[in-house]
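Chemist: Give me a model of this one.
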Amino acid sequence: MSKEVVVKAENISKLYRLGQVGTGTLSHDLKRWWALARGKEDPYLKIGEENDRTKKTESDYAWALRDINFEINKGDTIGIIGKNGAGKSTLLKLLSRVTSPTTGQIKVKGRIAALLEVGTGFHPELTGRENIFLNGAILGMTKKEIQRKFDEIVDFAGVEKYIDTPVKRYSSGMYVRLAFGVAAHLEPEILIVDEVLAVGDAEFQKKCLGKMSDVASHGRTIIFVSHNMQAVQSLCKSAIYLKSGHIADVGITEKVINNYLSREVKNCIEAKWDDENTAPGNEYVRMKGARINPRLASETDIISVATDIDITFDFVLHKECALNISLFLNTPAGLCIFNVSTPSHQLKPGPHSSTLKIPGRLLNDDIYTIKLFFVKDTSAVVFAIENILTFEVVDEQRTGSWFGKWPGAVRPSLPFTLT
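Modeler: Just a heads-up that it's a prediction; the model follows:
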């Protein structure tokens with residue numbers, strides 16, 4: 001049975017003029033008008049450059065999106081991932097009709113509720129109560145439908161005490177709580193959510209993901225943008241990976257996320273700081289170096305799941321104290337594989353070193369990042385540093401395997417007998 005398509009993007013592109021508000025100068029507008037009057041293409045569509053924010057551009061125009069094509073079926077949950085500046089927010093603004101594409105067209109079937117940034121669709125002078133009814137009316141809801149959902153929205157947002165206070169006095173967290181409650185509870189056919197959930201606390205993020213799962217289970221469509229790969233993987237069945245305004249990959253969520261991480265996350269197996277003044281740290285601790293030392297037979301070998309790995313950290317302690325180091329081994333998707341700590345030792349000021357040994361046949365094939373905490377007296381964190389090192393572990397035997405990637409966060413070699 002064929003599925004019902006509710007969103008269809010056909011060759012959509014979005015061109016912006018850099019450093020300008022609007023389309024640019026009067027002469028540019030006249031040239032555009034003259035070209036269109038003669039049935040010719042907009043002359044400025046030919047001179048735009050790819051939207052790569054890391055490179056200096058020679059053109060005054062940049063393509064935020066270029067030749068985007070996809071279809072979303074009713075009831076789909078789709079994640080959109082990519083680096084900052086890849087075009088994710090621009091795509092959502094096109095889908096929610098906040099702005100129009102430069103070329104191409106978007107066909108949407110059903111009511112859309114969009115939560116693109118904190119305060120979207122809210123009038124700061126109106127109270128929370130008034131904004132709920134205003135947003136419901138914009139979505140085409142009747143007053144009775146909004147009243148039926150009102151108590152549920154207020155309870156979800158947890159702002160009952162302030163519901164009759166103008167929202168301009170809300171904190172950013174309260175703002176986004178109420179905005180998400182309105183968007184999710186007023187029963188749109190299509191719910192669009194940008195990275196605004198990062199504003200809320202952990203409890204609220206969990207509530208939001210739970211609510212979106214509930215919305216999806218009732219056959220409504222969700223388009224979700226996030227840098228939290230775990231959230232995307234748990235919520236979305238499929239994903240789109242945007243890179244510099246183009247679709248780099250589309251398909252099953254796990255496959256697309258793995259492709260994204262392998263392209264965007266670069267290995268950093270050694271870091272060294274010769275100048276103590278610029279080294280990471282503070283008045284307690286200053287880093288000197290950090291390195292991954294895989295025990296390989298040859299320098300040309302790669303780190304595989306069977307490789308023993310030593311991870312060493314060199315630092316200078318400035319104040320005598322009882323110190324221990326806590327290490328978190330994470331994936332770029334945000335999953336903590338393990339957390340280990342050294343014993344606490346009374347250390348004198350001066351240079352020190354610490355080494356963690358990871359045996360082979362423990363880590364699965366993945367990309368890993370390291371986060372360090374320096375802890376005084378077993379409870380006070382005096383310094384923390386994220387992503388100090390990044391390394392990749394590969395499975396040389398995966399090619400041709402019947403199960404593809406070995407499932408699980410780790411793959412330890414444990415006694416497991418069969419008689």
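
Chemist: For the stretch 301-419 of the chain, give me the ranges with low pLDDT.
Modeler: 397-404 (pLDDT under 70).

Chemist: most centrally placed residue in this structure?
Modeler: The centre of the chain sits closest to residue 227, judged by Cα atoms, centre = their mean, with a distance of 0.4 Å.

Chemist: So that residue belongs to a helix, correct?
Modeler: No. Secondary structure of residue 227 (DSSP: H, G, I helix; E, B strand; the rest coil): coil, not part of a helix.

Chemist: how near is the nearest residue to it once chain neighbours are set aside to residue 368?
Modeler: With Cβ to Cβ, 6 or more residues apart in numbering as the criterion, residue 227 has its nearest non-adjacent residue at 6.3 Å, and that residue is residue 195. For every residue, glycine as well, the C-beta is placed using N, CA and C. According to Cβ to Cβ, to the nearest Å, residue 195 stands 24 Å off from residue 368.

Chemist: So these two - more neighbours on which side?
Modeler: Remark: of residue 195 and residue 368, residue 368 carries more neighbours, 24 against 18, as counted by other Cβ atoms under 10 Å.

Chemist: which ones are touching that one?
Modeler: Residues in contact with residue 368, defined by Cβ atoms under 8 Å, 6 or more residues apart in numbering, are 329-331, 337, 390-393.

Chemist: Take those residues and keep only those in strands.
Modeler: 329-330, 337, 390-393 (DSSP state E).

Chemist: okay, and the helix or strand of this protein with the least pLDDT?
Modeler: Counting by mean pLDDT, DSSP states H and E, the chain has its least confident helix or strand at strand 49-50, which shows a mean of 52.

Chemist: For stretch 282-298, buried residues please.
Modeler: Buried residues in stretch 282-298, counted by 16 or more other Cβ atoms under 10 Å: 284-288, 290-292, 294.

Chemist: Only alpha carbons, please: show it as CSV.
Modeler: Listed in CSV are the C-alpha atoms of stretch 282-298, where the atom choice follows Å, rounded to 0.1, in the frame of the first residue of the first chain:
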residue,chain,number,x,y,z
ASN,A,282,43.7,27.4,35.8
GLU,A,283,45.5,28.3,39.0
TYR,A,284,45.3,24.7,40.1
VAL,A,285,46.2,22.7,37.0
ARG,A,286,47.8,23.3,33.6
MET,A,287,47.9,20.8,30.8
LYS,A,288,51.2,20.0,29.2
GLY,A,289,50.2,17.2,26.8
ALA,A,290,47.9,14.3,26.0
ARG,A,291,48.4,11.4,23.6
ILE,A,292,47.0,8.1,22.4
ASN,A,293,49.7,5.4,22.3
PRO,A,294,48.3,2.4,20.4
ARG,A,295,50.5,-0.7,20.7
LEU,A,296,50.8,-1.4,17.0
ALA,A,297,53.2,-3.8,15.2
SER,A,298,53.9,-1.1,12.6
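
Chemist: and for it, what are the contacting residues?
Modeler: 269-273, 276, 279-281, 301, 303, 307-319, 321, 351, 370, 374, 376, 382-383, 385, 388-389, 391.

Chemist: circling back: just the buried ones from the contacts of residue 368, in PyMOL syntax?
Modeler: Per 16+ other Cβ under 10 Å, the buried members of the contacts of residue 368 correspond to this PyMOL selection:
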select buried, resi 329+330+331+390+391+392+393
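
Chemist: and which of the contacts of residue 368 is nearest residue 205?
Modeler: Nearest to residue 205 among the contacts of residue 368: residue 330, at 17.4 Å, using Cβ to Cβ.

Chemist: Let me see the contact set for that closest one.
Modeler: 336-337, 368-371.

Chemist: wait, which of those is closest to residue 362?
Modeler: Distance to residue 362, by Cβ to Cβ, is smallest for residue 337 among the contacts of residue 330, at 9.2 Å.

Chemist: ok, for the closest one, nearest residue in space, not its chain neighbours?
Modeler: Nearest to residue 337 is residue 329, by Cβ to Cβ, 6+ apart, at 4.6 Å.
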